[in-house]
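Student: need coordinates for the following:
(chains A and B)
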Amino acid sequence: MKKVLGAVALLMGGTGIASAGGELFLYNWGNYTSPEMIKKFEEKYDVKVTITDFDSNDTALAKIEAGGSGFDLVVPSAGFVGIYAEKGLIQKLDLSRLPNHKNIAPDWMDVAWDPGREWSVPFQWGSTGVSVNVKDYAGDINTSSIFMDPPPELHGKINVIPEMGDVMALATLWAGGDVCSEDAEVMKKVRDALLAAKPKWMSMDYSTVEKMVNHDYGATVDWNGSGLRTRLANPDVKWGYPKEGYGLWMDNVVLLSDAKNVDNAYLFLDFIMEPENAAMLSAFARYANGIAGSEAFMPDDMKGAPELVPPAEFANLGQFVTVCTGKALEYQNAIWTELQK
Amino acid sequence: MAERRTHFNVADIPGFGLTAMVVFAALYAPIMALIVYSFNASPSVANWGGLTLDWYRKAAHNQEILNATANSLIIATQAALFSTVLATLAALGTTRRPPFKGMTAIYAAINQPLMVPEIVTAVALLVLTAAVKQATGYSGLGYLVLAHTAFCIPFAYLPIRARLEGMDLSYETAAADLYASDWQVFRHVTLPLLLPGILAGAMLAFVTSLDDVVITEFIKSPGQDTLPTYMLGQLRRAMTPDVNAISAVLMGVTVLMLCAFFLLTRKKN
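Tutor: Numbers count the residues shown, from 1 in each chain, chains lettered A, B, ... in the order given. Reported below is the predicted structural model:
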């Protein structure tokens, strides 16, 4: 009878297979967490890790905000860390329990959304820029003019990812504004330039890697991880960091206020700041991680990749893309809608 | 002798064949493409790299996919079972008795999940389940089973009610005339005749539960990803063909169930 009850309890609990070190519940973007690194963590601490996927920051926030989510750690994007903190959904980290905190690269320590990294730990970061096939265009590729004011060689060969926030940020920076500009003059320039450029584009599509590799596109607006994979498959493709300013994003791990496995959560946070383990995350997700010294442990094709870490001359030109509000969002929506026609 | 037209035949409208072909192509071409590419050796969607079963192997060894599949099947089976039982009772209650006041309201109430946008139900359930989770501490699959049962009821109810309404009442009346008790009439006359409707309802409910994304995404607890929510989670990153392989398997399950349903109903008729 006890056996039957045990089996029933196991079925009801689903994932309730007990490990001596207990459990940890991670809520992360799908297909983003290296299974090898999770396995290493589970073996080292005998903790059973359960990963659950989300597909957008908004869904994740809605679920956490409703309460009783059952998760310990969540991985929101930069702009959302502050929202979690403001709403009291996450707890301040006890840095004395995170000896590897010192491994956070200096550039990623005093970030706008979390100065001193008291609330969040870096997971992965990347940039938005342009990928160009140098067989089509030999000129300067470090500019958003590639798609905002395309050179004649690229007419009819350009793709733009249909991602409003990222594209509007590049366009606004190109026009001399801030990421969330409320300046009517700037936004008018953005609108006119985009509408004039669109007939010279080929498409607005997400599937950039295959089409750049096959040379169906000559250039595309893209994320740097895709840019890296494209270049590895076709060396004619180069990554451009727009000198007018390019987009940046970072996903960060935060500890929920109602986490039940706080000790394991600290073990995990410290674990992923160990350079060797951060490199495992990068090897899987194909982005950089913000942990100093991790590059030495990365796969050879990622070491020194120009797509992952910007060259010095472009290092300070990145701007974080945040979700705009108010007037800025109204402008963006209006322009984006017009662009889709 | 000239053939006389006795009734209007929709197939005689000019262009009927062409329209039908276009419609079928639009319905099935994407699915065929997905199945074909699930055997593509090249990870790129645009290139054909020869035949392979690697993506199926990869999917079968992916622990997250296996867990998601198990969750999907457990939830769909239970939701189909519960919703079909409830829908059968509801269908009997709304057809095998004289029309009563408020019957239309009851139809509307039963079919509510078909009318209310899914996101509204999802948000409402999120608020409710969060409160219950906090109060009870229980976070098992029960919430998902309950929610899926609720929105599967109309899918099970409609074919069962249609079957009941199409059934000739004289069999039941005859049985009653021959001194069969109410229970005997139900057990030996109504139920066997109704079975194809019940099976159709159960399968529709099963498939509907298997498909659900929005409600599941909102109320799932840790470790409760189903196949559709797992696939949704892949969207932001590059999709790999093992997702095609899972979709092909899901398609296969659906087609098998449709065939089973077809065979079952054919025999009964």
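Student: on the three-state scheme, A:G156 is what?
Tutor: coil (DSSP: H, G, I helix; E, B strand; the rest coil).
Student: could I get the contacting residues of it?
Tutor: Listed by C-beta atoms under 8 Å, 6 or more residues apart in numbering or on different chains, the contact partners of A:G156 are A:200-202. (Each C-beta comes from the backbone N, C-alpha and C, glycine too.)
Student: can you rerun that using 6 Å?
Tutor: A:M202 (C-beta atoms under 6 Å, 6 or more residues apart in numbering or on different chains).
Student: separation between it and A:N264?
Tutor: A:G156 sits 54 Å away from A:N264, going by C-beta to C-beta, to the nearest Å.
Student: same question for A:D58.
Tutor: For A:D58, the distance to A:N264 - C-beta to C-beta - is 27 Å.
Student: of these two, who's got more company?
Tutor: Set A:D58 next to A:N264 and count neighbours by other C-beta atoms under 10 Å in any protein chain shown: A:N264 wins out with 24 against 11.
Student: bridging residues for the closest residue to that one other than its chain neighbours?
Tutor: Nearest non-adjacent residue to A:N264, counting by C-beta to C-beta, 6 or more residues apart in numbering or on different chains: A:L24, 4.3 Å away. Residues in a beta bridge with A:L24, per DSSP bridges, are A:V49.
Student: and A:L24, what is it in contact with?
Tutor: Per C-beta under 6 Å, 6+ apart, neighbours of A:L24: A:47, A:49, A:72, A:261, A:264, A:268.
Student: how about those in JSON lines, adding secondary structure?
Tutor: Listed next are these as JSON lines, based on three-state DSSP:
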{"residue": "A:V47", "secondary structure": "coil"}
{"residue": "A:V49", "secondary structure": "strand"}
{"residue": "A:D72", "secondary structure": "coil"}
{"residue": "A:N261", "secondary structure": "coil"}
{"residue": "A:N264", "secondary structure": "helix"}
{"residue": "A:F268", "secondary structure": "helix"}
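Student: and of those residues, the nearest to chain B?
Tutor: Of all the contacts of A:L24, chain B sits closest to A:D72, with 8.6 Å by C-beta to the nearest C-beta.
Student: now the helix or strand harbouring B:E172: buried residues?
Tutor: Using DSSP states H and E, B:E172 sits within helix B:169-177. Neighbour counts over helix B:169-177 (16 or more other C-beta atoms under 10 Å in any protein chain shown) mark B:172, B:175 as buried.
Student: what's the next secondary structure element after that helix?
Tutor: Toward the C-terminus from helix B:169-177 - assigned by DSSP H and E - lies helix B:182-185.
Student: can you show me the CA trace of that following helix as PDB?
Tutor: C-alpha atoms of helix B:182-185 as PDB (Å, rounded to 0.1, in the frame of the first residue of the first chain):
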ATOM      1  CA  ASP B 182     -35.000   4.300 -17.400                       C
ATOM      2  CA  TRP B 183     -31.500   2.900 -16.700                       C
ATOM      3  CA  GLN B 184     -32.000  -0.100 -19.000                       C
ATOM      4  CA  VAL B 185     -33.200   2.200 -21.800                       C
END
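Student: next one: phi and psi at A:G68?
Tutor: For A:G68, the backbone dihedrals (degrees, to the nearest 10) come out as phi 60, psi 20.
Student: next: A:D53.
Tutor: According to degrees, to the nearest 10, A:D53 has phi -90, psi 150.
Student: list the contacts of it.
Tutor: A:30, B:225, B:233.
Student: my guess is the first one contacts B:Q234. True?
Tutor: Looking back up the chat, that one is A:G30. Yes: using C-beta atoms under 6 Å, A:G30 is in contact with B:Q234, at 4.8 Å.
Student: can you find the helix or strand of chain B with the lowest average pLDDT?
Tutor: helix B:241-268 (a mean of 78; mean pLDDT, DSSP states H and E).
Student: what packs against that helix?
Tutor: Packed against helix B:241-268 by the contact rule (3 or more C-beta pairs under 6 Å, 6 or more residues apart in numbering or on different chains; DSSP states H and E) you find helix B:16-37, helix B:54-60, helix B:191-211.
Student: quick one: A:G68 and B:T136 touch, right?
Tutor: No: counting by C-beta under 6 Å, A:G68 does not reach B:T136; the two are 9.3 Å apart.
Student: now do the host helix or strand of A:K238: everything it contacts.
Tutor: Using DSSP H and E, A:K238 sits in strand A:237-240. Strand A:237-240 is contacted from outside by A:129-134, A:141-142, A:212, A:227, A:230-231, A:306-307, using C-beta under 6 Å, 6+ apart.
Student: dump the contacts of A:D53 to JSON lines, plus secondary structure, distance to B:I198 and neighbour count.
Tutor: Converted to JSON lines, these look like this (DSSP: H, G, I helix; E, B strand; the rest coil; distance: C-beta to C-beta, whole Å; neighbours: other C-beta atoms under 10 Å in any protein chain shown):
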{"residue": "A:G30", "secondary structure": "coil", "distance to B:I198": "37", "neighbour count": "21"}
{"residue": "B:D225", "secondary structure": "coil", "distance to B:I198": "31", "neighbour count": "26"}
{"residue": "B:G233", "secondary structure": "helix", "distance to B:I198": "35", "neighbour count": "25"}
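Student: what's the burial count for B:L86?
Tutor: Close neighbours of B:L86, defined as other C-beta under 10 Å, add up to 17.
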